[in-house]
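S.K.: Following is a predicted model, sequence given first.
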Amino acid sequence: MPLGKGWKKKVEDITSVYDVKEKLGAGAFSEVVLAQERGSQRLVALKCIPKKALRGKEAAVENEIAVLKKIQHENIVALEDIYESPSHLYLTMQLVTGGELFDRIIERGYYTEKDASQLIRQVLEAVNYLHDLGIVHRDLKPENLLYATPFEDAKIMITDFGLSKIEADGIMSTACGTPGYVAPEILEQKPYGKAVDSWALGVISYILLCGYPPFYDENDSELFNQILKAEYEFDSPYWDDISESAKDFIRHLLERDPEKRFTCEQALQHPWISGDTALDKDIHGSVCEQIQKNFARSQWKRAINATSFLRHITKLGPGAEGEEIGEATSGGQNGKW
């Protein structure tokens, strides 16, 4: 998608605009630093992409920028500016300071279905907004959900559009995403659309209510088999205190057939989200115990095992956009760039 001339501000040296403070994170071919704007003293997150790392990937970067430029939503991290120096491309992103979703759940002393429902509602509204723009996120997972501020009333924010793609012709077929959150139609290499985000939201909702994932196996091909059959349980005792309404909501999102799966709009109208069926019972203890057991920090940051994902895809034959597969899965769970 050509972005035309005026989308980048030329700069000889980014330090003339920002005082770079510290590194916040790194991906496959970029790093994100904390920076302070020299004029306003405002803090931002600066995504620094060396141009030499972009060779052959210009289209992917232009895609991310094209996506981000279109988006303005209170629950989505905003792209504020784009700078280009002789050696780098810099994306100035809104700084979110409230930390990761799991960390915040563990830190609170009290947590209920209602809290989970309010969380999911914010994410559904944001993803529904993206879908209305024809954008599919394609990599929704808990570590891409961050809190805007450390305060109690902080909004949840969706970040990391490294795998987003504007759904120009209504279908996509690149295998991408993170194994535990990937929809059956992606594994089958069928053309897919917005329904893959609904599936991922089903997985996230499930985790938020029990602290462990619906599909899990050390062996990735077993994991893929579970996903392909949409084979999951509401195990006792972890689900004994969870409402039937919550389970019904999850069943509609973890629906094997993308045609029958709830859209974000339908999910927003479900009584568990829009009504008062979400229970007020404290489930903090059991959920936190399971999060800490199943998502040890090292684990929820672990790199995707790209090779087994690729092996699975290769068995099915090359995809229409096969070259993107390695790119999409090799960046690790911490963001692609």
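M.R.: In hand now; what should we look at?
S.K.: mind listing the helices for the stretch 1-150 of the chain?
M.R.: 51-54, 58-70, 101-107, 113-132 (DSSP state H, counting those that start in this stretch).
S.K.: Lowest average pLDDT across those helices?
M.R.: Per-stretch mean pLDDT for those is lowest at helix 58-70 (a mean of 76).
S.K.: Kindly provide the distance from the residue sitting nearest the centre point of the chain to R256.
M.R.: Central residue of the chain (Cα atoms, centre = their mean): L140, 2.7 Å from the mean position. Applying Cβ to Cβ, to the nearest Å, the value for L140 to R256 is 18 Å. (C-beta placed from N, C-alpha, C; glycine too.)
S.K.: again, but for S40
M.R.: With Cβ to Cβ as the criterion, S40 and R256 are 50 Å apart.
S.K.: Looking at those two, which one has more neighbours?
M.R.: R256 (15 against 8; other Cβ atoms under 10 Å).
S.K.: Do you know the pLDDT at the residue nearest to the more buried one when sequence neighbours are not counted?
M.R.: Once flanking residues are discounted, R256 sits nearest to A230: 3.9 Å by Cβ to Cβ, 6 or more residues apart in numbering. pLDDT for A230: 94.
S.K.: What of S245?
M.R.: At S245, pLDDT is 98.
S.K.: who touches E100 in this structure?
M.R.: Neighbouring residues of E100 by Cβ atoms under 8 Å, 6 or more residues apart in numbering: 142-143, 145-147.
S.K.: out of the residues you listed, who's nearest A183?
M.R.: Nearest to A183 among the contacts of E100 is P142, at 16.6 Å by Cβ to Cβ.
S.K.: Excluding chain neighbours, what is closest to the closest one?
M.R.: L101 (4.9 Å).
S.K.: thinking again about what came up before, and the residue nearest to R256, what does it touch?
M.R.: Counted by Cβ under 8 Å, 6+ apart, A230 has contacts 184, 254-256.
S.K.: Give the burial count for the spatially closest residue to D241 that is not a sequence neighbour, as a bare number.
M.R.: Among residues not flanking D241 along the chain, K281 sits closest, at 5.7 Å (Cβ to Cβ, 6+ apart). Using other Cβ under 10 Å, K281 has 11 other residues around it.
S.K.: which regions of this structure lie under the pLDDT threshold?
M.R.: Within the chain, the stretches with pLDDT under 70 are 1-7, 27-28, 161-178, 296-337.
S.K.: how about the strands in it?
M.R.: 9-10, 18-26, 31-37, 43-50, 79-84, 88-93, 135-136, 145-147, 156-158, 165-166 (DSSP state E).
S.K.: Parallel or antiparallel, list what pairs with the fifth one.
M.R.: Using DSSP bridges, the strands paired with strand 79-84 are strand 9-10 (parallel), strand 88-93 (antiparallel).
S.K.: ok, now the third one?
M.R.: Sheet neighbours of strand 31-37, with direction, are listed as strand 18-26 (antiparallel), strand 43-50 (antiparallel) (DSSP bridges).
S.K.: Mean neighbour count added to these, as TSV?
M.R.: Formatted as TSV, these follow (neighbours: other Cβ atoms under 10 Å):
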stretch	mean neighbour count
strand 18-26	13
strand 43-50	20
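S.K.: Reformat the ones you listed as JSON lines; add distance to I156.
M.R.: Conversion of those to JSON lines gives the following (distance: least, Cβ to Cβ, whole Å):
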{"stretch": "strand 18-26", "distance to I156": "18"}
{"stretch": "strand 43-50", "distance to I156": "17"}
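S.K.: mind checking which of the ones you listed is nearest Q290?
M.R.: Here strand 18-26 is closest among these (Cβ to Cβ), at 25.8 Å.
S.K.: returning to what we had before: TSV please, covering the strands of the chain and showing distance to E107.
M.R.: TSV is the format used below for the strands of the chain (distance: least, Cβ to Cβ, whole Å):
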stretch	distance to E107
strand 9-10	38
strand 18-26	20
strand 31-37	22
strand 43-50	22
strand 79-84	29
strand 88-93	24
strand 135-136	32
strand 145-147	10
strand 156-158	14
strand 165-166	34
